[in-house]
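[1] need a 3D model of the sequence below.
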Amino acid sequence: METASPPAEAEILIQSWRSGRVQESSDVEELRRLVSARGSRTWIDLTDPSPQLVRATARELDMHPLIAEDIVESNERPKVLLVGDVIHIVAFVLERTTGIAGAEVVAHEVDFVLGRGFLLSVHPASWNPATAHQLRMGLAPLLERGPDFVLWALVDAIVDGYFPVFDQIGDEIDDVQDAAIARPDPATLQQCFRLKRELIRIRHVVAPSREVFAQLTSREFGLIGETNVFYFRDVYDHLISLNDELDSFRELVAGSLDVYLTSINNNLSTIMKRLTGVTVILAGVGAIGGLFGMSEAASALSGTEGPGFYLIIGATVFGALLSVLVLRRINWL
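    Here you go, the predicted model:
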């Protein structure tokens, strides 16, 4: 029977399966004995470990010191590397957080080291591997099928976590497309550029992850059992689908930016047409006023001007109103 999850402050949790039972420990000095026991399969989980703990764990597992240093240092992209008789895999958990500048995608590094009879996972406290849906039925059935099967359960949970992030970005792209047509303001432009930055950050994770799983499913690693390659292939298929969707998102954001610029140009053209219409009306009135001169106005105010003056004024006003109607009909006002 599975025991309760360890407290969040625990740096190391060792769970070793043997003869149908899972033994737990948090003592790194017992690690060598648990891993070397005949028929045992062990999962070592490190949560926000100190560099000293990572190096001590690597020594107990007879891992190359460069693997420990690579785990301590942050990696820029996912990768898979065969070092001696162990496989070092770097994956990233994607999380979308909301800040002052809006939603942003944050990537958290997770390191896995798969060896004969053991799996080492190193991750920040922001990601809890116990939430993986495959682990909800208990760890013993997974360890019984091998540490490579536990590795699949964890990386499958990581990749499944990409889909909600993609759904959120897809909904926001729909909103941006609507805003680019309805209200092309500077806030819409900022949202377009923020989405472009997010998609670039996601691409730096998803694109190399596809190559990682292409290698894991190529049967070139003997540590991954033949019966479990199919499960890694399923994760690889998910990553192919995500990469295709990511390309679609990038095209949609680029299209939204083009629509925004087109809307701005259309609005500018509308303003120029209206200014031209106003100029046409005022130019006609000004031309008539310039032809007769301002001296006629003084006579009109003193009551000595003839009816011809008032006829010209009426014709000018009528012509201006007629121009307004014509310009409104052709949508220039």
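[2] so which residues of this protein form strands?
    Applying DSSP state E to the chain gives strands spanning 12-18, 21-25, 41-47, 79-83, 86-99, 102-115, 118-123.
[3] quick check: mean pLDDT of the fifth one?
    Translated: strand 86-99. The pLDDT scores in strand 86-99 average 90.
[4] ditto for the third one
    Confidence for strand 41-47, expressed as mean pLDDT, is 95.
[5] just the C-alphas of that strand, formatted as PDB.
    Presented in PDB, the C-alpha positions along strand 41-47 are these (Å, rounded to 0.1, in the frame of the first residue of the first chain):
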ATOM      1  CA  ARG A  41      13.700  -0.800  -9.200                       C
ATOM      2  CA  THR A  42      14.200   2.600  -7.600                       C
ATOM      3  CA  TRP A  43      12.900   6.100  -8.200                       C
ATOM      4  CA  ILE A  44      14.900   9.000  -6.700                       C
ATOM      5  CA  ASP A  45      13.200  12.300  -6.700                       C
ATOM      6  CA  LEU A  46      15.000  15.500  -5.800                       C
ATOM      7  CA  THR A  47      13.000  18.700  -5.200                       C
END
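[6] that one to strand 21-25, inter-axis angle?
    30 degrees (axes from the mean of the first three to the mean of the last three CA atoms, to 10 degrees).
[7] strand 41-47 - contacts with which helices or strands?
    When contacts are defined as 3 or more CB pairs under 8 Å, 6 or more residues apart in numbering; DSSP states H and E, strand 41-47 packs onto strand 12-18, helix 31-36, helix 51-60, strand 118-123, helix 140-144, helix 147-160. Glycine gets a C-beta too; all of them are placed from N, C-alpha and C.
[8] pLDDT on the first one, on average?
    Looking back up the chat, that one is strand 12-18. Averaged across strand 12-18, pLDDT comes to 92.
[9] what's the most buried one of the helices and strands packed on strand 41-47?
    strand 118-123 (a mean of 24; mean count of other CB atoms under 10 Å).
[10] which residues sit against it?
    35, 41-49, 54, 57, 61, 63, 71, 93, 108-114, 129, 147-148, 150-151, 154 (CB atoms under 8 Å, 6 or more residues apart in numbering).
[11] how does it look with 6 Å?
    Applying CB atoms under 6 Å, 6 or more residues apart in numbering, the contact partners of strand 118-123 are 35, 42-46, 71, 110-113, 147, 150-151.
[12] make CSV from these and add distance to Ile173 to it.
    As requested, the contacts of strand 118-123 are exported to CSV (distance: CB to CB, whole Å):
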residue, distance to Ile173
Val35, 47
Thr42, 44
Trp43, 39
Ile44, 41
Asp45, 36
Leu46, 37
Ile71, 36
Val110, 27
Asp111, 32
Phe112, 32
Val113, 38
Pro147, 40
Val150, 36
Leu151, 33
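[13] could you work out the most separated pair of these?
    By the measure CB to CB, Val35 and Val110 form the most distant pair in the contacts of strand 118-123, at 20.8 Å.
[14] tell me how far the closest residue to Val280 other than its chain neighbours lies from Thr270.
    Closest residue to Val280 apart from its sequence neighbours, by CB to CB, 6 or more residues apart in numbering: Ser323 at 6.1 Å. With distances taken as CB to CB, to the nearest Å, Ser323 is found 18 Å from Thr270.
[15] which of the two has more residues huddled nearby?
    Higher neighbour count among Ser323 and Thr270: Ser323, with 20 against 12, using other CB atoms under 10 Å.
[16] wait, that one touches Ala283, no?
    No: using CB atoms under 6 Å, Ser323 makes no contact with Ala283, being 9.8 Å away.
[17] returning to that earlier point: Phe193 is nearest to which of the strands of the chain?
    With CB to CB as the criterion, Phe193 lies closest to strand 102-115 of the strands of the chain, at 10.7 Å.
[18] count of neighbours near Arg183?
    Arg183 has 10 neighbours, counted by other CB under 10 Å.
[19] could you measure from it over to Tyr260?
    As defined by CB to CB, Arg183 lies at a distance of 10 Å from Tyr260.
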